[in-house]
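A.B. asks: 3D, please:
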Amino acid sequence: MSRTFVRSQEASAERLRAYFDQPLEFSRYLAAERLIANAGLSDERRAAVLAALVEAMVAGGGQDKNDGSDGAESDGAGTSARA
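C.D. replies: Numbering: from 1, shown residues only. Purely as a prediction, here's the structure:
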């Protein structure tokens with residue numbers, strides 16, 4: 001009985017964490033998009049960087065929470081700022 005309760009609480013905590021992490025994750029993507037827009041990139045380069053950002057968003061949805069989303073987002077934004 002206690003094991004079931006603990007599992008239920010872990011699942012609830014995970015869902016609650018995802019609920020509050022989503023706006024933060026979205027704000028990071030918006031910040032990366034702003035950096036890309038203000039980087040003065042050519043249209044072709046900006047399209048490539050935006051494509052990489054979208055791929056990171058789609059592929060990293062579950063991994064970002066476990067691996068640290070700062071690293072995934074900063075790669076997309078850092079690439080745009082350096083390019």
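A.B. asks: where does the protein have low pLDDT?
C.D. replies: Counting by pLDDT under 70, the chain has low-confidence residues at 61-83.
A.B. asks: Please enumerate the strands of it.
C.D. replies: Listed in chain order, the strands of the chain (DSSP state E) amount to none at all.
A.B. asks: what about the helices in it?
C.D. replies: With DSSP state H as the definition, the chain shows helices at residue ranges 2-37, 43-59, 63-67, 69-82.
A.B. asks: Now mean neighbour count too, for those, in TSV please.
C.D. replies: (Each C-beta comes from the backbone N, C-alpha and C, glycine too.) Supplementary listing: the helices of the chain in TSV, determined by neighbours: other Cβ atoms under 10 Å:
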stretch	mean neighbour count
helix 2-37	12
helix 43-59	14
helix 63-67	13
helix 69-82	17
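A.B. asks: State the distance from residue 20 to residue 26.
C.D. replies: Taking Cβ to Cβ, to the nearest Å as the measure, residue 20 falls 12 Å from residue 26.
A.B. asks: do the same with residue 2
C.D. replies: From residue 2 over to residue 26 (counting by Cβ to Cβ), the distance is 37 Å.
A.B. asks: wait, what's in contact with residue 42?
C.D. replies: Shown in contact with residue 42 (Cβ atoms under 8 Å, 6 or more residues apart in numbering): no residues.
A.B. asks: was I right about residue 57 contacting residue 28?
C.D. replies: No - checked against Cβ atoms under 8 Å, the pair residue 57 and residue 28 is beyond contact range at 9.7 Å.
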